[in-house]
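>>> sequence unknown, structure follows:
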């Protein structure tokens, strides 16, 4: 039936269109010249560095995946606590997430010199090359994501025909394992990539800027090549995971929310995929809208980018109304407004991010000002600002959650928490996340072009291009920071909404696990304090499970779970912060050694050993990324084995609450420190080289791991813990201690 | 009946004994000489500064209390959503909390010069004076606390004879309002005091140490007097609040857990008070054990202090067994082990605090080492360490919660969450907190003597006493840091347990509020999605209310509450961090002005204008403490009005989870930075004046507001939000939007 369904085929079609355009943009970009021989040479250094890192990174990840896969096989075939598709789905999720990152990284390293070269023609040319290269990444991520989802859907549909309501639940929950593979690889990519680039960045700054007084991106600095690799692979893997996660979680919710009506159920499963598919087409449309006349100024460029993103967002809102109406989903109007509340929330969070981190506004300028009393007050005021900046995003996401829920249930407030309304409301929250990410094709393009522009600047600096060119690449970089704020708003907001949706999927998976137990053992099974037979379990709703397992706020197991979850967010950040600190220290030692031992570096007569710095960053990243990542996988498994279902729910909610706030705090504090330094460099409070500048450089250095390692990894941590819990649900119900 | 009960009278008797010994120790301390004229003069400056601050502080607090009191009167007499005792109870709680802080501060300012003078005789004499002065504070806090509880119990017993089960619930929940008064004043004291001293401390360091290169506590530094005032009042008010809060919360839990058996109920209410009363006697016993022979070395002194604290703790464990057995409480054995799990958890958290913050161990030394690559890596590694250090306390408190609960229900795991077992288990958690704080008389003595020894060092430095004397006061200070770690473990652990107990009290108060509504309106009232009559409400258990209000982890109102609660912890810290930053900047401007305008300060010919710096710190504290404190009071009220009971429960749990972890992070990071600097000052990594030293001074300065303003205030914030929710429960059930 599905394969005869014309609507369904639109989904893989859109994904292929996305990949096609990604290929076209890639070819267009490659046609550009890389500039002078020196520029080509520097670009090759950076590319080799990136590949050296990625090769090593993927080797380690491969081993971890092999181990986890065997573990899942044992659980599936040895103990029967999972279905046999789990190991395969897990592997492909990881593979495609890695592939998305790889393509993004490859494109970025090809694009940097080309952007610098184009920027020597005009600002507009530079923008076009960098933005189209970013679009390659954006479209690859959404294209691969939707393609994988379609393929898995087709394959599973053969074995579990989607004509049966129960099968659709099995299909969608099995596909979540695919999400777990993507999350696992994304966490490794973000943590590894974050440690890699920030160790190089911090190391390069500490010796170069502070000790030797040479500018950023100076080719005399041995760490500068490693610094210029940039963490594009992490970003790609991260957003691939977010994108697939939100669609899969919502599809799973749809399968359970409309369980009693198989026809509607299939439509509810299709809806998030269709919104994503239409979003792809609208993103491509938006990408083509980003063009200005030659000689455009900054404001016009910003306008051009903003126009592209905003048009896509507004069109997707309208399109959602159409999609849900045409699909014939009951309450199509309410659900469309759920999507719109998600989109509006994303925009508000983005605006608030910009307010708190851009040096056009007071908060960041106040950090620059506090540099007058030294680095300590820069750190104090940056931490203060970061913490304050959590208020608006949290309140916004709170309102969005309530609105998405209430719209989905047609404001039936008197029956807000009935089993039916709960499923429907949660589906509304999930689809709001899908709406937020539906235009990822273009928002990720504006996000990914940031590091490309940044590294184009590095290339220009190292090749001694005109000051004018460097100024243009700086302008492109600044432009990217502004649009990236919006991208961050959508990424972080959708992570919170998706994590909520995954809570419901967890309970569904617990139900499947319980059914599997009574199937084999027969009779009744203990569910919390009750003994239930198969029929009772199958007819139980999410609300029933809340009662059976006493997943309420007076249950000590829930409360201990909340404590552990909150702690996990901090522990994870502590590990990654220390990892960057340690790796940076090895980098500093190496850079100091090279300055001491290689003669003539400072005069330009000797060549620094760039490769050695790349190797140190790579080694540091591999060594340090394992512990935090494995901890993130083990925590929900162990909590489940000791404290059972209620403990895991507490863990996930505690991790979500503290993790979301901590992520906003770290991202914004880091961003504000970066721009506070830039504000001083623009000539305020004494300008470059002043004591205020030195004080703000300390803030920027501290902010590097905040905003590029620990902060963004938290988003993935939150969802990975949920995904692991879902995949391990069978284990928890079978073996938990309490 | 109560007033004929001999056992009851032991409670006020113990409190009077505590106050008596506090008075004796005070007189003993005052007999010591304050030393030379210069020492007296400096001491007077500090005392005047402290009184100037306290007078101003209490004026502002008085206004806030007057406003809140009128607000409560309107609610109580105008709307009838509370009983008429609330405004009075609220006021006395605030008054006695303030009084405890005042006496502590007064004693500390009298004791500093006397300690310095005694230290010039011998280390042992210095210890004795400082420790006995600390004991004045310790015994005043527990004496006043238990006295207030007794008096209120007697008064309320006249109007609501405790012979009726329902009356005992009313008495104990009304007395919680007294706890809210104490919490409110404690928050103001901690925040105001923290801003006051840290603005002075940071300001003094930034100009003195960094710009003018003069040592700490140099009399030429205008901010040094303000810096030496120390935040003893905040500490006193804070622990007064913790002490009363844990006893009152447990008493309230006892009244509801044993509701069906009035005789046992009264005993369960008495039990926490009796444990506290016996704890007072054992604390006094422990204080007398702290004595060494003349000429004792550091290790022997530490042994003496440790012996006093440990003996009291072990004795209280044994005594608890006796008290609960003699009271004839069913399951006295299990409950005793609940108390013991609390005590053991306190010790483990203390040990972990010491490990992470003392420079005898690797983590802090690694921060010192990271100073070799500058201030940025000091900050990164300090934040990393602080975040990692949250793991052990959280896991410990998690185990303690589960153990206290399971012991209290005799490990009846199969029926873990029945209504009866839930009440009993929560009572176990509450009484574990009481056990932790029962020896507060002596643990607070070891805590409060820290600032006394620190300021004695300041006095010695300013009066140019022998280097030997300064070395001794430094030794006393270091000793205090070690014992204070244990004190912190008990304070933070008991806060988490008390907050859990208060969750149950909140539900009890909701029940009372609902009964009040049906009493006046008659018929039925809406409880969540159900309509209930009076009998149904009165017979409903905590578990029932979880179901009525759907206080489970899939309820979007609960989840939004968790988000807001987590955010509140960060927002509150952000506000206080910024407050210290801003106040410190005014202080820096003033100190720079004085160095510039007052001639001869550096040569010692001109006298700095100390009073002006005191005034600036005072003004900064008043201006900055209002917003965060008022926010803490408003957040639960507003959340209740919008999201109702389930939203408030989410808020409290989210605030507890994130707040507890954030508090441990900030306290430990701050402590570690402080000691990393001290480790360098002891001659490691280049010693005083080296670049590593300068880098670690930056860490220490950032750590000041972490460990002395934001971190410790979070403990109070968590409990104050619970207390406000409890007192405002009537308002929430009557007016909530959802």
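Looks like it arrived, so ask away. As the structure is a computational prediction, the values presented were derived from the model and not from experiment.
>>> Model confidence at the residue in chain A sticking out farthest from the centre, what's the number?
Going by Cα atoms, centre = their mean, the residue of chain A most distant from its centre is residue A:523, 44.2 Å out. We have a pLDDT of 85 for residue A:523.
>>> List phi and psi for the closest residue to it other than its chain neighbours.
Nearest non-adjacent residue to residue A:523, counting by Cβ to Cβ, 6 or more residues apart in numbering or on different chains: residue A:533, 7.0 Å away. Where C-beta positions appear, they are placed from N, C-alpha and C, glycine not excepted. Taking degrees, to the nearest 10, you get phi -90, psi 180 for the backbone angles of residue A:533.
>>> Relative to chain B, how far out is residue A:533?
Distance of residue A:533 to chain B, given as Cβ to the nearest Cβ, to the nearest Å: 19 Å.
>>> Counting neighbours, what do you get for that residue?
The local packing of residue A:533 (other Cβ atoms under 10 Å in any protein chain shown) involves 12 other residues.
>>> before we move on, the earlier item: double-check the residue farthest from the centre of chain A against residue A:536; I have them as touching.
No. Taking contacts as Cβ atoms under 8 Å, residue A:523 lies outside contact range of residue A:536: 11.8 Å.
>>> Can you verify residue A:526 is assigned to a helix?
No. Using DSSP: H, G, I helix; E, B strand; the rest coil, the assignment for residue A:526 is strand, not a helix.
>>> Next secondary structure after the top helix by length along chain A?
In chain A, assigned by DSSP state H, the helix with the most residues is helix A:610-681. Heading C-terminal from helix A:610-681, the first helix or strand you meet, by DSSP states H and E, is helix A:691-705.
>>> Okay, buried residues for that next one please.
By neighbour count with 16 or more other Cβ atoms under 10 Å in any protein chain shown, helix A:691-705 contains the buried residues A:692-705.
>>> how big is the angle separating it from helix A:610-681?
130 degrees (axes from the mean of the first three to the mean of the last three Cα atoms, to 10 degrees).
>>> ok, the closest residue to residue A:669 other than its chain neighbours - contacts?
Leaving aside its sequence neighbours, residue A:669 sits nearest to residue A:386 (Cβ to Cβ, 6+ apart; 2.8 Å). Going by Cβ atoms under 8 Å, 6 or more residues apart in numbering or on different chains, residue A:386 touches A:356, A:664, A:665, A:666, A:668, A:669, A:670, A:672, A:706, B:574.
>>> In TSV, list these along with pLDDT.
Output for these, formatted as TSV (pLDDT from 0 to 100):
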residue	pLDDT
A:356	95
A:664	96
A:665	97
A:666	96
A:668	95
A:669	96
A:670	94
A:672	95
A:706	95
B:574	97
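>>> where's the nearest residue to residue A:110 once chain neighbours are set aside relative to residue A:118, distance?
Across the structure, with Cβ to Cβ, 6+ apart as the measure, the residue nearest residue A:110 apart from its sequence neighbours is residue A:30 (6.5 Å). Distance of residue A:30 to residue A:118, computed by Cβ to Cβ, to the nearest Å: 13 Å.
>>> between these two, who's got more neighbours?
residue A:118 (25 against 13).
>>> Can you work out which other helices and strands pack against the helix or strand harbouring that one?
In this assignment (DSSP H and E), residue A:118 forms part of helix A:86-119. Judged by 3 or more Cβ pairs under 8 Å, 6 or more residues apart in numbering or on different chains; DSSP states H and E, helix A:86-119 is in contact with helix A:6-31, helix A:37-73, helix A:123-159, helix A:165-204, helix A:232-257, helix A:440-462, helix A:467-521.
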